[in-house]
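S.K.: No letters, just coordinates:
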Ligand code: DC
């Protein structure tokens, strides 16, 4: 007797620089497809929060690696598609978005030992069910065999104004000049670090979101995911 066919788990990788729209788009795509959404940047942010609270020297790779090994980070999807970030069982979803975390997160994320711990965690999450992961190295390192890969980008000026608006909306008092400085600094660190730098996977679809609406970007991704799923003759009741 043949067993009923179960849809294969799909992994969708969404990479790109800060402010390109990754988290908004990845969250909406996951919601439309009824997939899990994993914000991998949130994991690095949670560890940065713990490091600052414990006054760990951010330039000390050994201490940061030890901290990563002794930290529990969980991501849960809320019914509205947003995520809850748990740091050693404490909900830190709001705290990790503060400018002081943003300022140091790239320095924490460039440490090889830290990335190794996060890699295990991200792969474990990815095996749970079909999911959309957003980050910097998902298509290149974490899931090089992802079913579909996207690299979202936008002009620097647009990325700055999006990030500034996002912070203003969450009532953070930062100037456009500060956001500009932070993005430039993070772009440089994230793209030039030795371990898993931000770069487009050769087989990722490059999407310049500068002049696109959120809905247009979401539709572009969904179209490519479905074309691919159909081409491989997979059961396709995805959203
Ligand atoms: O997406 P975000 O702004 O929340 O990410 C915060 C930082 O984490 C980002 O500056 C680089 C790092 N990061 C990373 O190195 N690799 C990932 N997969 C995700 C984020």
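M.R.: Happy to help now that I have it. Since the structure is predicted, the reported quantities are computational estimates derived from the model, not experimental observations.
S.K.: near the ligand, which residues of the chain?
M.R.: 18, 40-41, 44-45, 105-106, 109, 135-138, 186, 190 (Cβ under 6 Å from any ligand atom). Heads up, the C-betas are built off the backbone N, CA and C, glycines and all.
S.K.: which among the residues you listed gets closest to residue 147?
M.R.: Nearest to residue 147 among the residues of the chain next to the ligand: residue 138, at 11.9 Å, using Cβ to Cβ.
S.K.: Show me where the protein has its strands.
M.R.: Per DSSP state E, the chain carries strands over the ranges 11-15, 36-39, 73-77, 83-87, 90-91, 131-135, 148-153, 205-208.
S.K.: looking only at pLDDT, what's the mean for the shortest one?
M.R.: The reference is to strand 90-91. Averaging pLDDT along strand 90-91 gives 98.
S.K.: Now tell me what touches it from outside.
M.R.: 84, 85 (Cβ atoms under 8 Å, 6 or more residues apart in numbering).
S.K.: Residue 121 and residue 40: what is the separation?
M.R.: To residue 40, residue 121 is 9 Å away according to Cβ to Cβ, to the nearest Å.
S.K.: more neighbours, the two?
M.R.: residue 40 (27 against 20; other Cβ atoms under 10 Å).
S.K.: Bridging across strands, which residues link to the nearest residue to the more buried one once chain neighbours are set aside?
M.R.: Leaving aside its chain neighbours, residue 40 sits nearest to residue 135 (3.7 Å; criterion: Cβ to Cβ, 6 or more residues apart in numbering). Counting by DSSP bridges, residue 135 is bridged to residue 15.
S.K.: Same check on residue 131?
M.R.: Beta bridges link residue 131 to residue 11, residue 36 when assigned by DSSP bridges.
S.K.: Now do the contacts for it.
M.R.: Contacts for residue 131 (Cβ under 8 Å, 6+ apart) come out as 9, 10, 11, 12, 30, 35, 36, 37, 38, 125.
S.K.: Surely the third one and residue 146 touch.
M.R.: Pointing back at residue 11 there. Yes. If you go by Cβ atoms under 8 Å, residue 11 and residue 146 touch, sitting 4.4 Å apart.
S.K.: so how far is residue 82 from residue 93?
M.R.: The gap separating residue 93 from residue 82 is 8 Å, by Cβ to Cβ.
S.K.: In terms of secondary structure, what does the helix-or-strand element of the chain with minimal mean pLDDT contact?
M.R.: Within the chain, no helix or strand scores below helix 214-231, which has a mean of 87 by mean pLDDT, DSSP states H and E. Applying 3 or more Cβ pairs under 8 Å, 6 or more residues apart in numbering; DSSP states H and E, one finds that helix 214-231 makes contact with strand 11-15, helix 22-33, strand 148-153, strand 205-208.
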